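Asks: Can you look at this prediction? I've put the sequence above it.
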Amino acid sequence: MIEASSGVANREISPKLGYAATLLLAALWMTPFLWMLVAAFNPHTYGGSGMASLVPSYVPTLNNFAEAWASADFPRYGLNTAIISFGILAGQIVMITLAGYAFARLEFPGRTLCFYLFLLQLMLAPVVLLVPNLATIAKLGLYDSLLGVMAPYFASAFGTFLMRQAFRAIPRELEDAALIDGASVCQRIGFIYLPLAKPSLIAFAIVSVTSHWNEFLWPLMVINSPDLRPLTLGLASFTRGAEGAQAWGVIAAGTLMVSAPLLIAFALFQRAFVNSFVSSGIK
Amino acid sequence: MADTVLTSGLARPQAMRLAAWRPRRQTMLAFSLLAPSLILLTLFTYWPVIQVAWQALHNQIRIGGPQTYVGLANFAALFADAAFRKALSNNLLYAFGTVIPSLVLALGFAMALARSSRVNALLRSLFFLPVLIPLVAAASIFLFIFLPNAGLLDYHLAKLAISGPNWLGDPDIALWSIMGLTIWKNAGYYMLFFLAGLQAVPADAYEAAILDGANPWQRLRYVTLPYLKPTIGFVLVIGLINVVTQVDHVFVLTKGGPSDSTNLLLFYVYQQAVESYDAGRAAAGTLVMLALLLAISASSLRTLERSFGEREP
């Protein structure tokens, strides 16, 4: 459950009328999830009016899951998605740490220009530049490879800014002390800055993994082999196949399986999720 | 500064030499730390922009074939293409029709659920859930919701003796259906920012307003909204960037149809590049998108800069 952050007693904000409307909308917001759950366990798999029911079946079945599991290689897709998401994260952590340190602690000519150059990437998501980026990926020999999906995301302006903020909050005296002891830049970053910036790193990791876990269009461009598909691509092609057969129960089961990992992660670490999404926007 | 501490004890000429040397060393260090990021940003952000501008002015008969300069012909062809004009106007309508309702709903949710309680925490999570599922997964569910006659919407409307429309098949309705999905998906995300923003409103401001006899509407207008201005600005920017860069649901739900009624800019560019192999027109379309994104961001550079940290400590 998402907790309100501590602080102001917000009694004066909440209007009663708005609360009633919000409850109504909450029911509306819940409906797609409710249908997904009911349909996934519904013995009426195919078409028909029974399919639109929001009342759970008396005899729930796992048949839809079995059929979805058999008709698409979900474990393989899941593995590919995990490799992509965590591979991107690993590359990003190295790069945003280095660049974040440079922006936070070093004086150099062109710093403002560099800052604006980085800012530019926030607006030009790699997916907008998919045509030239696909050409670049092909030239690098990375077409139809997981690395090709990952490469454009290793450098992250957002992550760099997040780390820069975190590093600037760390007292300079700590680094000076290490400097006098003869620690190299890498040692200072690795032993002083990184450990102290852990909360920001976790926040970045959650936002990064969530967004790349769910990504569709860029992998669609890069990946050709069915074996290399991430979950999103697998689900889209699976849905296309099952839609023709009107196998709505199977689609619901497949969708539930694909959505489950992040939903479970959220259930386990709600506070961390919410804090990281908030800190990704407002500092 | 570490440099001052370390050089202050040295003889003067030596200190001066060091003082001149240190900044240069800092510069070299800075650029070697920035190099990995700068190289990749050049490869996947700056260079592609230049490439797109070049491609937009050239035609290529076949992939890898020679490119011939055609001036603005690609743009002329682009704007002469009814499908592109439709995608452009669709995207504008889609932007206004999703960002503003999502923002208003998000603000409403945040205000209604600001008070801490178990039920409110549960409701906040409920509104946030759609953010966590892939857009293609959301689209798979909505495929059934929008199914004509037997689908969730039409089936239940029929019980109320309302004959529901063909949500995705009717060109007059399809884009609005897709907008409904987008609002469902994003409102909970924006709600988080408003929940955080509301924490910054001092309780005394409300107490003072109540003492002055302000009604709830006046409290919203003169207390809450002024404090939330930066949040509203930020949500607007990310919302607008999202409506240009996210088209996953179009793939699953409509493929841009019927008769281009749900085509959006990025999907149009994808079609030109992947289905029509028209690199020049795809590049021209990309440039239009870039211009829109830069206009959105430039108008809110102050907001972005504030959100991602001021330049100087």
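Replies: Alright, I've got the coordinates. Numbering: from 1, shown residues only, chains lettered A, B, ... in the order given.
Asks: quick one: what helix or strand has the residue nearest to residue A:143 when sequence neighbours are not counted in it?
Replies: Take residue A:143 and drop its neighbours on the chain: the residue closest to it by CB to CB, 6 or more residues apart in numbering or on different chains is residue A:137, 5.6 Å away. All C-beta atoms are positioned from the backbone trio N, CA, C, and that covers glycine. Assigned by DSSP states H and E, residue A:137 falls within helix A:130-139.
Asks: what's in contact with that helix?
Replies: A:126, A:143, A:148, A:151-152, A:217-218, A:221-222, B:43-44, B:47-48, B:51-52, B:55, B:269-270, B:273, B:279, B:282-283, B:286 (CB atoms under 8 Å, 6 or more residues apart in numbering or on different chains).
Asks: my read is residue B:281 is in a helix, agree?
Replies: Yes. Assessed with DSSP: H, G, I helix; E, B strand; the rest coil, residue B:281 lies in a helix.
Asks: Against residue B:78, how distant is the closest residue to it other than its chain neighbours?
Replies: Distances taken as CB to CB, 6+ apart place residue B:272 nearest to residue B:281, at 4.9 Å, with adjacent residues excluded. From residue B:272 across to residue B:78, the span is 9 Å (CB to CB, to the nearest Å).
Asks: Which residues are in contact with each of the two?
Replies: With contacts defined as CB under 8 Å, 6+ apart, the residues shared by residue B:272 and residue B:78 are B:281, B:285.
Asks: which residues of the stretch 1-150 of chain B fall in helices?
Replies: Remark: helices assigned in the stretch 1-150 of chain B by DSSP state H, counting those that start in this stretch are B:2-7, B:12-41, B:47-56, B:73-80, B:82-112, B:118-132, B:135-145.
Asks: Can the longest one be said to contact chain A?
Replies: Yes. Under the criterion of CB under 8 Å from any CB of the partner chain, helix B:82-112 makes contact with chain A via B:105, B:108, B:109, B:111, B:112.
Asks: Show the contacting residues for residue A:229.
Replies: A:76, A:77, A:80, A:219, A:223, A:237.
Asks: For it, give me the pLDDT.
Replies: pLDDT, residue A:229: 96.
Asks: Now it. Its backbone dihedrals?
Replies: Here is the backbone geometry of residue A:229 (degrees, to the nearest 10): phi -70, psi 140.
Asks: quick one: it from residue B:235, how far?
Replies: Taking CB to CB, one finds residue A:229 at 33 Å from residue B:235.
Asks: Kindly report the same for residue A:86.
Replies: The gap separating residue A:86 from residue B:235 is 29 Å, by CB to CB.
Asks: immediately after the helix holding residue A:137, which helix or strand?
Replies: Per DSSP H and E, helix A:130-139 leads on to helix A:146-150 as the next helix or strand towards the C-terminus.
Asks: ok, that next one near chain B or not?
Replies: No. Figure legend: helix A:146-150 not in contact with chain B (CB under 8 Å from any CB); closest approach 10.9 Å.
Asks: which element follows that helix toward the C-terminus?
Replies: Sequence-wise, the next helix or strand downstream of helix A:146-150 (DSSP H and E) is helix A:157-168.
Asks: just checking, what packs against that following helix?
Replies: Using 3 or more CB pairs under 8 Å, 6 or more residues apart in numbering or on different chains; DSSP states H and E, the elements in contact with helix A:157-168 are helix A:74-105, helix A:111-123, helix A:198-213.
Asks: I'd say residue B:209 and residue B:219 touch.
Replies: Yes. Using CB atoms under 8 Å, residue B:209 is in contact with residue B:219, at 5.0 Å.
Asks: ok, and the closest non-adjacent residue to residue A:74?
Replies: Nearest residue to residue A:74 in three dimensions, chain neighbours excluded: residue A:257, at 5.8 Å (CB to CB, 6+ apart).
Asks: actually residue A:196, sorry about that
Replies: Residue A:196 sits nearest to residue A:170 (CB to CB, 6+ apart), 5.1 Å away.
Asks: now whatever helix or strand residue A:27 lives in: mean pLDDT?
Replies: If you go by DSSP H and E, residue A:27 is part of helix A:16-40. Averaging pLDDT along helix A:16-40 yields 91.
Asks: before we move on, what about stretch B:152-165?
Replies: Averaged across stretch B:152-165, the pLDDT comes to 90.
Asks: what do you get for stretch B:118-125?
Replies: Computed over stretch B:118-125, the average pLDDT equals 92.
Asks: ok, now stretch B:107-115?
Replies: What stretch B:107-115 shows for mean pLDDT is 91.
Asks: Where does pLDDT dip in chain B?
Replies: B:1-21, B:61-65, B:303-313 (pLDDT under 70).
Asks: make it 80
Replies: B:1-23, B:60-67, B:299-313 (pLDDT under 80).
Asks: Would you map the helices across the stretch 151-283 of chain A?
Replies: Under the criterion DSSP H, counting those that start in this stretch, the stretch 151-283 of chain A carries helices at the ranges A:157-168, A:172-180, A:185-188, A:194-196, A:198-213, A:217-222, A:231-244, A:248-268, A:270-279.
Asks: Redo those helices as JSON lines? Include mean neighbour count.
Replies: What follows is the helices of the stretch 151-283 of chain A, written out as JSON lines (neighbours: other CB atoms under 10 Å in any protein chain shown):
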{"stretch": "helix A:157-168", "mean neighbour count": "23"}
{"stretch": "helix A:172-180", "mean neighbour count": "14"}
{"stretch": "helix A:185-188", "mean neighbour count": "15"}
{"stretch": "helix A:194-196", "mean neighbour count": "14"}
{"stretch": "helix A:198-213", "mean neighbour count": "19"}
{"stretch": "helix A:217-222", "mean neighbour count": "22"}
{"stretch": "helix A:231-244", "mean neighbour count": "21"}
{"stretch": "helix A:248-268", "mean neighbour count": "22"}
{"stretch": "helix A:270-279", "mean neighbour count": "19"}
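Asks: Residue B:294: which of those is closest?
Replies: Smallest distance to residue B:294 across these (CB to CB): 14.7 Å, for helix A:157-168.
Asks: Give me the below-cutoff pLDDT ranges for chain A.
Replies: For chain A, applying pLDDT under 80 flags the ranges A:1-17, A:44-50, A:57-58, A:123, A:125, A:279-283.
Asks: ok, residue A:266 - contacts?
Replies: In this structure, residue A:266 makes contact with A:273, B:128, B:129, B:132, judged by CB under 8 Å, 6+ apart.
Asks: so what's the first one closest to, chain neighbours aside?
Replies: The shortest distance from residue A:273 to any residue other than its chain neighbours is 5.2 Å, reached at residue A:266 (CB to CB, 6+ apart).
Asks: coming back round to it: can the helices of the stretch 1-150 of chain B go into JSON lines with extra columns for mean neighbour count?
Replies: Listed next are the helices of the stretch 1-150 of chain B as JSON lines, based on neighbours: other CB under 10 Å:
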{"stretch": "helix B:2-7", "mean neighbour count": "14"}
{"stretch": "helix B:12-41", "mean neighbour count": "15"}
{"stretch": "helix B:47-56", "mean neighbour count": "19"}
{"stretch": "helix B:73-80", "mean neighbour count": "17"}
{"stretch": "helix B:82-112", "mean neighbour count": "20"}
{"stretch": "helix B:118-132", "mean neighbour count": "19"}
{"stretch": "helix B:135-145", "mean neighbour count": "26"}
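Asks: export those helices to JSON lines and tack on distance to residue B:202?
Replies: Formatted as JSON lines, the helices of the stretch 1-150 of chain B follow (distance: least, CB to CB, whole Å):
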{"stretch": "helix B:2-7", "distance to residue B:202": "39"}
{"stretch": "helix B:12-41", "distance to residue B:202": "39"}
{"stretch": "helix B:47-56", "distance to residue B:202": "44"}
{"stretch": "helix B:73-80", "distance to residue B:202": "51"}
{"stretch": "helix B:82-112", "distance to residue B:202": "16"}
{"stretch": "helix B:118-132", "distance to residue B:202": "21"}
{"stretch": "helix B:135-145", "distance to residue B:202": "38"}
